[in-house]
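**Student:** Below: sequence and its predicted model.
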Amino acid sequence: MATRFSSLAKPQGVWWRALGRDERLWVGIAVIWGLAMFVMITAIWPLIGEQQNWIRSYRITPAEFRARVDAFIAAYQVGERAGVPVVAPPPGGDVYLEALSFAWRPVIQLRRGETYRFLISSRDVQHGFSLVMAPHSINYQILPGYVTEVLLTPEQAGEYPIMCNEFCGLGHHLMLGRIIVTD
Ligand code: CUA
């Protein structure tokens with residue numbers, strides 16, 4: 001049998017050609033545009049567009065984080081909603097928020113105009129913290145073993161759902177938390 005068309009055989013004759021002028025032009029445009037987008041994402045939007053939250057993260061064991069959430073609830077609980085504690089931290093203070101399958105613990109009550117430092121972690125699997133609170137739109141992966149630190153300044157009173165934005169199991173769609181902002 002002839003092996004002429006086998007993918008293992010060496011192609012015959014001149015099977016390649018140097019790039020033409022138009023092709024070189026388009027490759028050049030693609031490279032330049034790629035670099036431009038890189039600079040936009042890493043420098044321009046974060047610095048002048050305020051489209052990037054600056055976060056830090058730390059290692060922590062789920063048990064240790066859970067103990068801190070328990071202490072946070074014990075110190076500042078002001079009520080309860082559908083079995084979940086409602087906690088009002090001091091204005092400008094730290095907020096501990098725990099993701100677990102399939103809930104956010106506790107419900108957080110904040111004062112409008114104050115800046116809070118959220119410390120968020122997961123008890124079990126990977127979850128997604130998603131909060132739309134104009135003008136903020138915040139999305140972070142929440143991982144067991146790590147605390148994600150996010151600064152948040154609520155600017156309007158109201159109630160805001162925290163959604164889980166990472167598929168985490170059969171109850172994923174039920175995983176709703178709540179932030180209450182008061183004047
Ligand atoms: Cu937690 Cu999806």
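**Tutor:** Okay, I see it.

**Student:** got the contact list for the most centrally placed residue in the chain?
**Tutor:** The residue lying closest to the centre of the chain (CA atoms, centre = their mean) is Y140, at 1.1 Å. Taking CB atoms under 8 Å, 6 or more residues apart in numbering, we find Y140 in contact with I55, I120, G128, F129, T148, V150. Where C-beta positions appear, they are placed from N, C-alpha and C, glycine not excepted.

**Student:** Same question for F102.
**Tutor:** Counting by CB under 8 Å, 6+ apart, the residues that F102 touches are C164, C168, G169, G171, H172, L174, M175.

**Student:** how about a cut-off of 7 Å?
**Tutor:** Residues counted as contacts of F102 (CB atoms under 7 Å, 6 or more residues apart in numbering) are C168, G169, G171, H172, L174, M175.

**Student:** Strands along this structure, start to end?
**Tutor:** 56-59, 77-81, 84-87, 94-100, 103-105, 107-111, 116-122, 127-133, 136-142, 146-152, 158-164, 176-182 (DSSP state E).

**Student:** what about F118, how many neighbours?
**Tutor:** For F118, the neighbour count with other CB atoms under 10 Å is 23.

**Student:** So it is in contact with T153, correct?
**Tutor:** No: contact criterion CB atoms under 7 Å: F118 and T153 do not qualify, at 11.0 Å.

**Student:** Which parts of the lengthiest helix in the chain count as buried, going by neighbours?
**Tutor:** Secondary structure of the chain per DSSP state H: the longest helix is helix 21-39. Of all the residues in helix 21-39, not one is buried under the rule 16 or more other CB atoms under 10 Å.

**Student:** average pLDDT for it?
**Tutor:** Taken as a whole, helix 21-39 has an average pLDDT of 96.

**Student:** Only alpha carbons, please: show that helix as PDB.
**Tutor:** C-alpha atoms of helix 21-39 as PDB (Å, rounded to 0.1, in the frame of the first residue of the first chain):
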ATOM      1  CA  ARG A  21       2.500  40.500   3.800                       C
ATOM      2  CA  ASP A  22      -1.200  40.500   4.900                       C
ATOM      3  CA  GLU A  23      -0.600  37.600   7.200                       C
ATOM      4  CA  ARG A  24       2.300  39.300   8.900                       C
ATOM      5  CA  LEU A  25       0.200  42.400   9.300                       C
ATOM      6  CA  TRP A  26      -2.600  40.500  11.100                       C
ATOM      7  CA  VAL A  27      -0.200  38.600  13.300                       C
ATOM      8  CA  GLY A  28       1.300  42.000  14.300                       C
ATOM      9  CA  ILE A  29      -2.100  43.500  15.000                       C
ATOM     10  CA  ALA A  30      -3.000  40.500  17.100                       C
ATOM     11  CA  VAL A  31       0.200  40.700  19.200                       C
ATOM     12  CA  ILE A  32      -0.100  44.400  19.700                       C
ATOM     13  CA  TRP A  33      -3.800  44.200  20.700                       C
ATOM     14  CA  GLY A  34      -3.000  41.300  23.100                       C
ATOM     15  CA  LEU A  35      -0.400  43.400  24.800                       C
ATOM     16  CA  ALA A  36      -2.800  46.400  24.900                       C
ATOM     17  CA  MET A  37      -5.400  44.200  26.700                       C
ATOM     18  CA  PHE A  38      -2.800  42.900  29.100                       C
ATOM     19  CA  VAL A  39      -1.900  46.500  30.100                       C
END
